[in-house]
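Enquirer: Just to be clear, the model below is a prediction. Sequence and coordinates:
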Amino acid sequence: MTTAASPNTPAAGPGQMESQAPNDQFEDTKIRIQGLSVGYSDGTESLQDISLDIPANQITVLFGPSGGGKSTLLRTINRLNDLADVVSLEGRVLIDGVDVLDPKLDVIELRRRVGMVFARPVVLPMSIRQNLTYGLELSGEKDPGQFEEAVERSLKASALWEEVYDRLDDPAVSLSGGQQQRLCLARVLALEPDVILLDEPTSGLDPISTGKVESSLQKLKQEYTIVLVPHSVQQAARVADYAAFFLNGQLVEFGMGKELFVHPQDSRTEDYIEGRFG
Amino acid sequence: MRPIGWSEVIITALIKVAGYSAIIFVTLIFTFLLREGAPTLFEVPLEALAQTRWYPIEDYYGILPLIGGSLIVTFGAALFAVPLGIATAVYIAEIAPRWAREILKPLVEILGGLPSVMLGFIGILIIVPFVREALDIPTGLTAFTGALILGGMAIPTIVSVSEDALDAVPKTYRDASLAMGATPWQTIWRVTLPAARSGVLTGVMLGVGRAIGETMTVMMVTGNAPVLPTGLRSLFSPVRTMTATIAAEMGEVANGSVHYHVLFFIGIVLFLISLIVNLTAASVVFKQRKRSERILS
Ligand SMILES: Nc1ncnc2c1ncn2[C@@H]1O[C@H](COP(=O)(O)OP(=O)(O)OP(=O)(O)O)[C@@H](O)[C@H]1O
Ligand SMILES: [Mg+2]
């Protein structure tokens, strides 16, 4: 897959320039991460001084070996890590210019704008329909028309409508694993967020379901900013508009997906892509 | 094929014997109850049993006041033990900081192990006078007092079992709910509690079951007057439960007499009530279990 690009030679100069100034490549930065460090109570610095600009309406992939801090980064962006035993948190995460790590920020409001899909599908113990309307209800929506509209729109967007439209009141657990995961995606879409974070959303799915999820993501990026932790390098290469390689809490390399997977600048990235470790 | 070892055979046999003997004992007990209680139906007409006067010395065998007494005390106990117990479980499992949890959990277990006579003591010495003075009624030995103490006995069971059930709800459920913009409280109410429903229900049933069958404490604090409870006021007057009646009168009754048979008949009624409560609970729990099994698959 990877050609014999040799990242250590001076010839790689122009490429280096590119990956250092990604801002030039996209007109619109959605999430700007500046000097972010996160440490858990067990003493490890799970993220060390990360700076990264995530473009709007693109799929940005965070990949790298286990324990690299990818999930930690996602959970910091939507403040889900508030509940974990994080002992040190430095730096800033700006979404549309607003620092979301600000303790005074309305976390509930933030999480409605920044949806998240987890590795294992977690359908809530309710019907399919209720799973989709749960978030809307919590946000104070009461109009049944709105619910109907949201249910249909989100199911269609996540390529699930055809399979479930006639049994919306069945318990959500009666769906197959792949359907459940698309339901989780639909549940996030029902809230019409700006940003969707996905943490290995297809790790438990068969290739066909994975394909369905990936192709709906390709459509969704027109409207949403998507940050995805893939479950394999292959998936990373398939879906990435932009890609960031994480290793032991450090951001090793960031660049356009097409570039990064073909001509990685850093030898560690290259090793990982070629399967030499991790 | 591998030969099956002797130890294997013996262990299997032992487990089988243990299992069957449990069934046999229950059947024996029930047959005994039936044999001693069933003659009542020939000796006392049903209309007489369905009367409101319990006065065996003059052949008044109306058991309604006893059933009513048991029900009012049990319902009273459930009425405050269930919400309080579940709330405590939620606090311990979901809200309390870690150090508080470490203290509270064992404390609840210890409370659950207190012998009921001791609770009776506490009832007579502290709660009975307190109820009498606070409510300004002639005696503190009332259904209300019994309900308070039985509720207190049920709470540790409810808390302990419910807390385990809440604790077993995967963290991913809470994450998923919070990530959708639910507050911690909305998450508890809409996701965690429903997901733990079967366990919480088991806890409630075990706790309330203990209250229905409890004898010693209610005998000590409810005043033991066989008066049919008719309304809210009866809550604050003495009552007598089925269990207390059997315990108090069985020792003095002539073997084989009508009174003796009626006492056993009351036992059958009590047995049936417990059975219905347990079956209802089991059917609900069973339905839930099937659902949760699918969640895990
Ligand atoms: N809640 C937590 N408490 C303590 N340490 C944690 C916690 N979550 C993650 N860590 C630690 O932080 C480091 C990074 O974890 P993280 O889950 O972000 O990695 P990851 O890149 O998502 O890995 P994977 O690919 O396996 O999901 C790991 O060393 C992990 O042990
Ligand atoms: Mg992870």
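Expert: Ah, there it is. Ligands and ions are numbered 1, 2, ... in the order given.
Enquirer: With only the CA atoms kept, save stretch A:33-41 in PDB.
Expert: Output of stretch A:33-41 as PDB, limited to C-alpha atoms (Å, rounded to 0.1, in the frame of the first residue of the first chain):
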ATOM      1  CA  ILE A  33      -7.000  22.800  20.200                       C
ATOM      2  CA  GLN A  34      -4.100  24.800  21.800                       C
ATOM      3  CA  GLY A  35      -1.500  23.300  24.100                       C
ATOM      4  CA  LEU A  36      -3.800  20.800  25.600                       C
ATOM      5  CA  SER A  37      -2.400  18.500  28.300                       C
ATOM      6  CA  VAL A  38      -4.600  16.000  30.200                       C
ATOM      7  CA  GLY A  39      -3.300  13.900  33.200                       C
ATOM      8  CA  TYR A  40      -5.300  11.200  35.000                       C
ATOM      9  CA  SER A  41      -5.000  10.500  38.700                       C
END
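Enquirer: any low-confidence regions in the chain?
Expert: Defaulting to chain A. Applying pLDDT under 70 to chain A flags residues A:1-26, A:276-278.
Enquirer: ah, I was thinking of chain B
Expert: For chain B, the ranges with pLDDT under 70 are B:1-4, B:285-297.
Enquirer: just the strands in it please.
Expert: Ranges of strands in chain B, per DSSP state E, are B:54-55, B:60-61.
Enquirer: The first one: partners in the sheet, and parallel or antiparallel?
Expert: Spelled out, it's strand B:54-55. strand B:60-61 (antiparallel) (DSSP bridges).
Enquirer: Buried ones in stretch B:100-108, by neighbour count?
Expert: Across stretch B:100-108, burial judged by 16 or more other C-beta atoms under 10 Å in any protein chain shown covers B:101, B:104-105, B:108. Yep, even glycine has a C-beta here, placed from its N, CA and C like the rest.
Enquirer: same deal with stretch B:130-143?
Expert: Neighbour-count burial for stretch B:130-143 [16+ other C-beta under 10 Å]: B:131-132, B:140-143.
Enquirer: Pick the one among those closest to residue B:15.
Expert: residue B:143 (44.8 Å; C-beta to C-beta).
Enquirer: check contacts around that closest one.
Expert: Contacts for residue B:143 (C-beta atoms under 8 Å, 6 or more residues apart in numbering or on different chains) come out as B:69, B:72-73, B:76, B:222, B:229, B:234-239.
Enquirer: Looking at those residues, which is nearest chain A?
Expert: residue B:76 (31.8 Å; C-beta to the nearest C-beta).
Enquirer: Could you double-check that residue B:191 sits in contact with residue B:174?
Expert: Yes: Residue B:191 is within contact range of residue B:174, at 6.9 Å (criterion: C-beta atoms under 8 Å).
Enquirer: burial count for the residue nearest to residue A:231 when sequence neighbours are not counted?
Expert: Spatially, and ignoring its direct neighbours in sequence, residue A:231 is nearest to residue A:203 (4.0 Å; C-beta to C-beta, 6 or more residues apart in numbering or on different chains). For residue A:203, the count of nearby residues is 16 (other C-beta atoms under 10 Å in any protein chain shown).
Enquirer: what's residue A:203 sitting at in phi/psi?
Expert: The phi and psi values for residue A:203, taken as degrees, to the nearest 10, are phi -70, psi -30.
Enquirer: List the residues that contact residue 153.
Expert: In the absence of a named chain, chain A is used. Counting by C-beta under 8 Å, 6+ apart, residue A:153 has contacts A:189-190.
Enquirer: That was the other one, I meant chain B.
Expert: Per C-beta under 8 Å, 6+ apart, neighbours of residue B:153: B:77, B:114, B:116, B:119, B:207, B:210-211, B:214, B:217.
Enquirer: If you drop the residues flanking it in sequence, what lies closest to residue 223?
Expert: Picking chain A for this. residue A:57 (7.5 Å).
Enquirer: right idea, wrong chain: chain B
Expert: residue B:238 (2.5 Å).
Enquirer: correct me, but that neighbour touches residue B:227?
Expert: Yes: using C-beta under 8 Å, residue B:238 is in contact with residue B:227, at 7.1 Å.
Enquirer: Of those two, which one has the most company?
Expert: Comparing residue B:238 with residue B:227 by other C-beta under 10 Å, the one with more neighbours is residue B:238, at 21 against 18.
Enquirer: ok, the more buried one to residue A:116 distance?
Expert: 60 Å (C-beta to C-beta, to the nearest Å).
Enquirer: And residue A:250, by the same measure?
Expert: 23 Å.
Enquirer: and if you look at residue B:118?
Expert: In terms of C-beta to C-beta, residue B:118 sits 51 Å off from residue A:116.
Enquirer: Then residue B:277?
Expert: 43 Å.
Enquirer: neighbour-wise, which of the two wins?
Expert: Between residue B:277 and residue A:116, counted using other C-beta under 10 Å, residue A:116 has the larger neighbour count: 25 against 15.
Enquirer: Regarding the more buried one, what are the backbone dihedral angles?
Expert: Dihedral angles for residue A:116 - degrees, to the nearest 10 - are phi -140, psi 140.
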